[in-house]
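Chemist: got a sequence here, can you build the structure:
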Amino acid sequence: MKQSIFIVLDGIDGAGTSTHSKLLAGFLSLKGLKTYLTQEPSNSDVGKLLRTYLRDDNIPASVDALLFAADRVLHYHNDIKEKLEEGYIVISDRYIESSIAYQSSQSESISVDWVKSLNKFAEIPDLTIILDIEPKLALIRKSNKILDKFEDKLLLEKVRQIYLDRAKDEGYVVINTDDIIEIVQSKIQDIVTDKLINEGIQIKK
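Modeler: Reported below is the predicted structural model:
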């Protein structure tokens, strides 16, 4: 009987991916499931380098894309894959769709197909949920934090549209997050619960 599944929450900065990933992990743990929460950039040396580069406007978008892809392959093979084999429900705060949306928005010379090709060695999640929010609201949420180079309204509008286009093309569920946290989280939990049941994974009522 299958016990593991790979879930990703993705969306523009300020959409609530970190908050809702943590809440979802807590919910699944209470339901008696072995749950592992992770995020991108990862804790690898490449991921640590990326966190520095995210503050640097002088780093080309192509370098960002290459580094994110390298970090993601390490993340999957050294972390996510191992946990899945051990029977965990793995939840990642961001994954491939982040690179597709952000790096292809940064430069006209970077295509969605090129970013996808860079990430071909990172396995596809079982379930991807896109958390959606208006960029102006997202930036208000982030107003008290140090913003990175991606957190610009015009750029976020482009990024958001790519997320929505990708969701339509790939059949991802889109959840608007401008409602109160409890309502948004309840919608996420319902979608994940249905997926687990469809996969034959037992979950406490």
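Chemist: I figured Pro135 hits Gln161, correct?
Modeler: No: look at Pro135 against Gln161 with Cβ atoms under 8 Å: they stay out of range, at 10.1 Å. The C-beta positions use only the backbone N, C-alpha and C, and glycine is treated the same way.
Chemist: more neighbours: those two, which one.
Modeler: Pro135 (21 against 12; other Cβ atoms under 10 Å).
Chemist: grab the nearest non-local neighbour of that one.
Modeler: Leu156 (3.7 Å; Cβ to Cβ, 6 or more residues apart in numbering).
Chemist: so that neighbour, which of the three states?
Modeler: helix (DSSP: H, G, I helix; E, B strand; the rest coil).
Chemist: surely it and Gly11 touch.
Modeler: No: at 10.4 Å, Leu156 and Gly11 do not qualify as touching, with contact defined as Cβ under 8 Å.
Chemist: between those two, which has more neighbouring residues?
Modeler: Each of Leu156 and Gly11 has its neighbours counted (other Cβ under 10 Å); Gly11 has more, 27 against 24.
Chemist: could you measure from that one over to Glu123?
Modeler: Noted for Gly11: a distance of 21 Å to Glu123, by Cβ to Cβ, to the nearest Å.
Chemist: got it, and Ser109?
Modeler: 27 Å.
Chemist: cool, and Gly32?
Modeler: 26 Å.
Chemist: which one's more surrounded, the two?
Modeler: For the pair Gly32 and Glu123, the greater number of neighbours falls to Glu123 (17 against 10), based on other Cβ under 10 Å.
Chemist: once you drop chain neighbours, what's closest to the more buried one?
Modeler: Per Cβ to Cβ, 6+ apart, closest to Glu123 is Tyr76, 5.7 Å.
Chemist: so how far is the lowest-mean-pLDDT helix or strand in the chain off the chain centroid?
Modeler: Least confident helix or strand of the chain, by mean pLDDT, DSSP states H and E, is helix 135-141 with a mean of 85. Computed by Cα atoms, centre = their mean, to the nearest Å, the chain-centroid distance of helix 135-141 equals 18 Å.
Chemist: list the buried residues for it?
Modeler: Pro135, Ala138, Leu139, Arg141 (16 or more other Cβ atoms under 10 Å).
Chemist: same check on stretch 36-45?
Modeler: Result for stretch 36-45 [16+ other Cβ under 10 Å]: buried residues Tyr36, Leu37, Thr38, Gln39, Glu40, Pro41, Ser42, Asn43, Ser44.
Chemist: fine by me, we can end here.
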